[in-house]
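Participant: after the sequence you'll find the predicted model.
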Amino acid sequence: MPRKAKQQSTPAPTPHPYRPPSQAPAPPANPNATRLTVGDIEENRAIMDAVRNRGIAPAVAIANAEASALAKGC
């Protein structure tokens, strides 16, 4: 019995090219917002350091930073 040639299947449709989601515009600057000072940035850095490197809970690190700032008279 002669073999029949296999029929080629139709190729799968190509998916649409990926488009990343459009980036939302930045919110407008709040003119009434308080400005960060160098002391604020250093305090935030100390909090992040305590949370990441020492394994301290964020709430505890924030409370410690507030107590430290009060002790310094800031």
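Facilitator: Done, it's in.

Participant: shaky segments in this protein?
Facilitator: 1-16, 20-21, 74 (pLDDT under 70).

Participant: could you pull out the helices for it?
Facilitator: According to DSSP state H, the chain carries its helices in the segments 38-53, 58-72.

Participant: would CSV of those helices with distance to residue 24 and mean neighbour count be doable?
Facilitator: Where you see a C-beta, it was placed from the backbone N, CA and C, and this is true even at glycine. Output for the helices of the chain, formatted as CSV (distance: least, Cβ to Cβ, whole Å; neighbours: other Cβ atoms under 10 Å):
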stretch, distance to residue 24, mean neighbour count
helix 38-53, 25, 13
helix 58-72, 27, 12
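
Participant: nearest to residue 29, of those helices?
Facilitator: Nearest to residue 29 among those is helix 38-53 (17.4 Å), distances taken as Cβ to Cβ.

Participant: other SSEs contacting the closest one?
Facilitator: If you count contacts as 3 or more Cβ pairs under 8 Å, 6 or more residues apart in numbering; DSSP states H and E, helix 38-53 packs onto helix 58-72.

Participant: any residues touching the helix it packs on, and which ones?
Facilitator: Residues outside helix 58-72 that contact it (Cβ atoms under 8 Å, 6 or more residues apart in numbering): 39, 43, 46, 47, 50, 51, 56.

Participant: can you do 10 Å?
Facilitator: For helix 58-72, contacts defined as Cβ atoms under 10 Å, 6 or more residues apart in numbering pick out 39-40, 42-44, 46-52, 54, 56-57, 74.

Participant: just the residues you listed now: which is nearest residue 28?
Facilitator: For the contacts of helix 58-72, the nearest to residue 28 is residue 40 (22.0 Å; Cβ to Cβ).

Participant: residue 18 versus that closest one, what's the distance?
Facilitator: 40 Å (Cβ to Cβ, to the nearest Å).

Participant: now swap in residue 37 and tell me
Facilitator: Distance, residue 37 to residue 18, by Cβ to Cβ: 43 Å.

Participant: which one's more surrounded, those two?
Facilitator: Higher neighbour count among residue 37 and residue 18: residue 37, with 10 against 5, using other Cβ atoms under 10 Å.

Participant: for that one, grab phi and psi.
Facilitator: Main-chain torsions, residue 37, degrees, to the nearest 10: phi -100, psi 170.
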